[in-house]
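Visitor: The sequence and its predicted three-dimensional model are supplied below.
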Protein chains: 2
Amino acid sequence: MNPVIGILGGMGPGATVDAMQKLIRHTPASKDQEHIPTIAVSIPDIPDRTACLLNHSASPLAKMIEYLHLLENAGATCIIMPCNTAHYWFAELKRHSRVEMLSIIDAACQQVQAQRLQHVAILATTATVQGGIYQQALAGQQVRSTLPDAAQQEAVMRSIYAYKAGDEDAARALLLPVVATLQQRGVEKIILACTELPLILAPEVQASPGHYLDATEALIRQTVDWYYRHQPSSPLAA
Amino acid sequence: MNPVIGILGGMGPGATVDAMQKLIRHTPASKDQEHIPTIAVSIPDIPDRTACLLNHSASPLAKMIEYLHLLENAGATCIIMPCNTAHYWFAELKRHSRVEMLSIIDAACQQVQAQRLQHVAILATTATVQGGIYQQALAGQQVRSTLPDAAQQEAVMRSIYAYKAGDEDAARALLLPVVATLQQRGVEKIILACTELPLILAPEVQASPGHYLDATEALIRQTVDWYYRHQPSSPLAA
């Protein structure tokens, strides 16, 4: 069976497209036919992940499982989810999955280790921050992590929702002071641990790529590696 | 059944992502859940469309039908194909399809009519140009169409393949003189009738949007219209 990447997307749609764009950029293809086969489901009726975790509103899990199976039935052999907050349910989804799944949290934390970072900031949704997934993984690697204070975390969340509502300017204006404060606190890099953040901060990341660790990009690099290791014709095939 | 847009993509992968990006931009959504449900298949092992039509190499039709059925089985209720050259097989694909399909050629030509243009240039693959699909449709609307000469058409084709090979700079350098020549020939607009062209000419289109008619964007506008007309709750529902 040829490897096919499945993208469980729509959380949000812009982040799905960003992941697909990065998959193209990181693939060493010289023509259409050499690109990585991909099926993306971006059916955004999945209930809001942050609202569920913070306010106990409708759970996104049933819809995520439905679209996971849709991808499997369509032929995906490895599934990724360009949404950090959704990884709260990653272990549960993995139990329901018949195919490989790669975690964006693991991919980002492996990058922290590969780059030998010792002090990073975590920029994420309030649900991801309160769930502590990144903090625990980084503590296990003896990496110090710094978070925005409560008022700035509130601004991060408003920025993400502004972006999802199509207001890119408001999203950036809310986020830039938070970035400046974190940088003043002596972190080596800021982990962009919500898939809307590399979109909101695109000009800053382009100007100073060394200041950020983009979790989406970490996931995509790992996805490209996975693909070439699982090509039937590859000398790297697992 | 809720309307779901299926994107028969991978021709090329960059054009697929561009179509998805434009679908997001043209949707009046204020949160993730209001975006248009989309399933995209970008499995780029579909044989080269232009090579088939000009050199009688392998036909892409069987693979296109396979991925069309994949989209139908996954739940797509309206299928679009962000590749102008592939529309040579549009009628054949439509015969194999159980669901609605929207044509990028029809969408672009309807835009020409809506904008009351009388003289346009067609910038497309050599296969699209030689197949005459655009010229015939436009002649039927009493619209005059101008094409690059043979040497410049060759440059257009090299530009498209350079872009597909990841060389954006070479692609632009090859295309800009063709655009300049067409503009000197007094056309009102240049139809970007290959889905790689709005990507190659992104800076030019952003600087002078009125000089171009982007076929991908025309298709996406029609797709958004179709979606809202087929929403069960819509007052516009057909």
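Guide: Arrived safely, thanks for sending.

Visitor: Output the below-cut-off pLDDT ranges for chain A.
Guide: Scanning chain A with the threshold set as pLDDT under 70 gives A:1, A:233-238.

Visitor: quick one: the strands in it?
Guide: Remark: strands assigned in chain A by DSSP state E are A:5-8, A:38-42, A:78-80, A:100-101, A:119-123, A:144-146, A:189-192, A:212-214.

Visitor: Looking at these, which is nearest to residue A:224?
Guide: Residue A:224 lies closest, by Cβ to Cβ, to one member of those: strand A:5-8, at 9.1 Å. For glycine as for every other residue, the C-beta is placed from the backbone atoms N, C-alpha and C.

Visitor: Residue A:146: neighbouring residues, count only.
Guide: 15 (other Cβ atoms under 10 Å in any protein chain shown).

Visitor: Quick check: closest non-adjacent residue to it.
Guide: Using Cβ to Cβ, 6 or more residues apart in numbering or on different chains and skipping the chain neighbours, the partner closest in space to residue A:146 is residue A:121 (4.7 Å).

Visitor: my read: the one you found touches residue A:184, true?
Guide: No: taking Cβ atoms under 8 Å as the definition, residue A:121 is not a contact partner of residue A:184, at 10.6 Å.

Visitor: neighbour-wise, which of these two wins?
Guide: The neighbour comparison of residue A:121 against residue A:184 (other Cβ under 10 Å) goes to residue A:121, with 26 against 8.

Visitor: Against chain B, how distant is that one?
Guide: 25 Å (Cβ to the nearest Cβ, to the nearest Å).

Visitor: hey, what's that residue bridged with?
Guide: Beta bridges link residue A:121 to residue A:146, residue A:190, judged by DSSP bridges.

Visitor: got the contact list for it?
Guide: Residue A:121 makes contacts with A:145-148, A:182, A:185, A:187, A:189-191, as judged by Cβ atoms under 8 Å, 6 or more residues apart in numbering or on different chains.

Visitor: Try it again at 10 Å.
Guide: Each residue near residue A:121 by Cβ atoms under 10 Å, 6 or more residues apart in numbering or on different chains is listed here: A:144-148, A:178-179, A:181-183, A:185-193, A:212-213.

Visitor: Pull the residues that contact the longest helix anywhere in chain A.
Guide: For chain A, the helix with the greatest residue count under DSSP state H is helix A:168-184. The contact list for helix A:168-184, computed with Cβ under 10 Å, 6+ apart, reads A:14, A:120-123, A:146-149, A:151-165, A:167, A:189-190, A:192, A:196-197, A:199-204, A:208, A:211-212.

Visitor: can you rerun that using 6 Å?
Guide: Identification of contacts with helix A:168-184 by Cβ atoms under 6 Å, 6 or more residues apart in numbering or on different chains yields A:121, A:148, A:152, A:155-156, A:158-159, A:162-163, A:190, A:200.

Visitor: domain assignment for chain A?
Guide: For chain A, the TED database gives the domain ranges A:5-104+A:219-230, A:105-215.

Visitor: so which of those domains is the most packed in?
Guide: Highest mean neighbour count of the domains of chain A: domain A:5-104+A:219-230, a mean of 20 (counted as mean count of other Cβ atoms under 10 Å in any protein chain shown).

Visitor: and that domain with chain B, contact?
Guide: Yes: for domain A:5-104+A:219-230, a contact with chain B is found by Cβ under 6 Å from any Cβ of the partner chain, at A:12-14, A:17, A:20-21, A:24, A:30-33, A:35, A:37-45, A:70, A:74.

Visitor: First-to-last residue distance for that domain?
Guide: The first residue of domain A:5-104+A:219-230 is 11 Å away from its last residue (Cα to Cα, to the nearest Å).

Visitor: can you check stretch A:49-68 too?
Guide: End-to-end distance for stretch A:49-68: 16 Å, by Cα to Cα.

Visitor: Give me the contact list for it.
Guide: Applying Cβ under 6 Å, 6+ apart, the external contacts of stretch A:49-68 come out as A:8, A:41, A:46-47, A:85-86, A:89, A:93, A:96-97, A:125, A:127.

Visitor: Which single one of those is nearest to chain B?
Guide: residue A:41 (5.4 Å; Cβ to the nearest Cβ).

Visitor: Grab the nearest non-local neighbour of the closest one.
Guide: Distances taken as Cβ to Cβ, 6+ apart place residue A:67 nearest to residue A:41, at 4.8 Å, with adjacent residues excluded.

Visitor: What distance do you get for the one you found to residue B:4?
Guide: Distance from residue A:67 to residue B:4, counting by Cβ to Cβ, to the nearest Å: 11 Å.

Visitor: now residue A:98
Guide: As judged by Cβ to Cβ, residue A:98 and residue B:4 stand 23 Å apart.

Visitor: What of residue A:195?
Guide: Residue A:195 is 22 Å from residue B:4, where distance means Cβ to Cβ.

Visitor: do the same with residue A:35
Guide: For residue A:35, the distance to residue B:4 - Cβ to Cβ - is 24 Å.

Visitor: Kindly report the same for residue A:178.
Guide: To residue B:4, residue A:178 is 37 Å away according to Cβ to Cβ.

Visitor: right, and residue A:102 touches residue A:80 too?
Guide: Yes: between residue A:102 and residue A:80 a contact is recorded at 5.2 Å, counting by Cβ atoms under 6 Å.
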